[in-house]
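**Q** Build the 3D model from these lines:
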Amino acid sequence: MDKRQRHFIIKDVLLSTAITNQDELAAELKKRRIIVTQATLSRDLRELAVLRVPSEKGFRYTLTTTGDEQNMKPLIGLEVISIRANEVTIIIRTLPGRAPGVASFIDSLRIPEILGTIAGDDTVFVAPSSIQKMRKTMDTLKETMSH
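**A** So this is what the prediction gives:
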């Protein structure tokens with residue numbers, strides 16, 4: 001397995017599982033039949049710009065963003081018309097033609113409570129990871145999309 005593939009799998013693990021230390025990450029990788037040394041894992045985390053940040057349940061590893069997201073935030077907020085939800089899904093209405101950009105922006109933020117997005121022309125469907133955290137997900141999106 002090459003480094004690029006290993007990095008892809010590390011990112012997938014970090015996005016899907018709360019990892020608090022390198023031993024946990026190595027164990028998750030081992031489940032996927034990837035054996036790495038501690039030195040290799042440290043180098044991979046540094047190259048991927050992974051940070052250990054506080055969360056609700058202590059510290060965890062997270063992928064960082066490039067900073068472009070913060071530059072785009074004010075512009076994205078101007079493109080959003082409304083954010084509404086029912087018990088299971090979130091719908092974001094945008095200006096015509098802007099949904100793909102808004103969905104891409106949301107995906108780039110790697111919000112743990114969001115599985116992914118689907119964009120039409122002026123509507124973004126947001127799939128939450130859990131309906132139990134719908135309020136938190138809505139609050140996060142509204143805060144992120146405010147301008």
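
**Q** in the chain, which spans are strands?
**A** For the chain, the strands defined by DSSP state E cover 50-55, 58-63, 80-85, 90-94, 114-119, 123-128.

**Q** Would you mind putting these into a markdown table with mean neighbour count alongside?
**A** Bear in mind the C-beta positions are built from the backbone N, C-alpha and C, glycine included. Converted to a markdown table, the strands of the chain look like this (neighbours: other CB atoms under 10 Å):
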| stretch | mean neighbour count |
| --- | --- |
| strand 50-55 | 13 |
| strand 58-63 | 16 |
| strand 80-85 | 14 |
| strand 90-94 | 20 |
| strand 114-119 | 16 |
| strand 123-128 | 19 |
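
**Q** Which of the ones you listed sits closest to residue 15?
**A** Closest of the strands of the chain to residue 15 is strand 58-63, at 7.1 Å (criterion: CB to CB).

**Q** separation between residue 137 and residue 89?
**A** Separation of residue 137 from residue 89 (CB to CB, to the nearest Å): 10 Å.

**Q** overlap in contacts of these two?
**A** 126, 128 (CB atoms under 8 Å, 6 or more residues apart in numbering).

**Q** and the two? which has more neighbours close in?
**A** Using other CB atoms under 10 Å as the criterion, residue 137 and residue 89 rank with residue 137 on top: 21 against 13.

**Q** Residue 127 is in contact with the more buried one, correct?
**A** No - here residue 137 does not reach residue 127: they are 10.1 Å apart, not a contact under CB atoms under 8 Å.

**Q** Identify the contacts common to those two.
**A** Residues touching both residue 137 and residue 127 by CB under 8 Å, 6+ apart: residue 114.

**Q** Can you list the helices and strands that the longest helix along the chain packs against?
**A** For the chain, the helix with the greatest residue count under DSSP state H is helix 3-16. Where contact means 3 or more CB pairs under 8 Å, 6 or more residues apart in numbering; DSSP states H and E, helix 3-16 is packed against helix 22-31, helix 38-47, strand 58-63.
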